[in-house]
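Participant: Starting from these lines, generate the structure:
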Amino acid sequence: MATKTKDDSSIKATQTKNQKEEEIMPTFSLGGQQYQIIRFTVPPSRKPGVHYIVESQFAIAVYLVDKEGLDDFEDDRPFAYFSGYKNRRYFDEEIDLPNSGRWHLIIWNTNNNPTAIHYELYV
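Facilitator: Numbers count the residues shown, from 1 in each chain. Predicted coordinates for the structure are as follows:
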């Protein structure tokens, strides 16, 4: 069973000159069988969508979920996701979302060894 890391990120995006909001996070480490939840909000004034880039030292899983999907994931139940890939080291996805509001990016180290992670999130 996966365990959550102590540092649960909540992203506050900042406006840039090209009218995209972005937050770039530094590299962090995830222990074996641990996950990190990146919480972010898509403003209602924008077309709902997100662009994320995740790089990892070893193959991991990344899922984009709404609140219901997150609740199911954390309760170790089958969960629905809007974008999801596993066993990859590099993710670069642009996703149109069905609605604005609160979303969650799950970065999950499904291996037993720790791995270094870097991500960028554009809303």
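
Participant: contacts for the helix or strand containing Asp72?
Facilitator: Element membership for Asp72 (DSSP states H and E) is helix 67-74. Helix 67-74 is contacted from outside by Lys4, Ile37, Tyr63, Val65, Pro78, Phe79, Ala80, Tyr81, Phe82, Arg102, His104, Ile106, using CB atoms under 8 Å, 6 or more residues apart in numbering. Yep, even glycine has a C-beta here, placed from its N, CA and C like the rest.

Participant: Against which helices or strands is the strand or helix carrying the third one packed?
Facilitator: Meaning Tyr63. Element membership for Tyr63, per DSSP H and E: strand 49-65. Here strand 49-65 touches strand 34-42, helix 67-74, strand 83-96, strand 101-108, strand 115-122, going by 3 or more CB pairs under 8 Å, 6 or more residues apart in numbering; DSSP states H and E.

Participant: ok and it relative to strand 34-42, angle-wise?
Facilitator: 140 degrees (axes from the mean of the first three to the mean of the last three CA atoms, to 10 degrees).

Participant: before we move on, the earlier item: mind listing what's buried along the helix holding Asp72?
Facilitator: Gly69, Leu70, Phe73 (16 or more other CB atoms under 10 Å).

Participant: for stretch 37-52, same thing?
Facilitator: Those buried within stretch 37-52 under the rule 16+ other CB under 10 Å are Ile37, Ile38, Phe40, Val42, Pro48, Val50, Tyr52.

Participant: got the CA positions of that stretch in PDB?
Facilitator: Extracted in PDB, the C-alpha atoms of stretch 37-52 (Å, rounded to 0.1, in the frame of the first residue of the first chain):
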ATOM      1  CA  ILE A  37      -0.700  15.100  -4.200                       C
ATOM      2  CA  ILE A  38      -0.300  18.400  -6.100                       C
ATOM      3  CA  ARG A  39      -3.600  20.400  -5.600                       C
ATOM      4  CA  PHE A  40      -4.500  23.200  -8.000                       C
ATOM      5  CA  THR A  41      -7.400  25.300  -9.000                       C
ATOM      6  CA  VAL A  42      -8.500  26.100 -12.500                       C
ATOM      7  CA  PRO A  43     -10.100  29.600 -12.500                       C
ATOM      8  CA  PRO A  44     -13.700  29.800 -13.900                       C
ATOM      9  CA  SER A  45     -12.500  32.700 -16.200                       C
ATOM     10  CA  ARG A  46     -10.400  30.300 -18.200                       C
ATOM     11  CA  LYS A  47     -11.000  27.400 -20.600                       C
ATOM     12  CA  PRO A  48     -10.600  24.400 -18.200                       C
ATOM     13  CA  GLY A  49      -7.300  22.800 -18.900                       C
ATOM     14  CA  VAL A  50      -3.900  21.900 -17.500                       C
ATOM     15  CA  HIS A  51      -0.400  21.300 -18.900                       C
ATOM     16  CA  TYR A  52       1.900  19.300 -16.700                       C
END
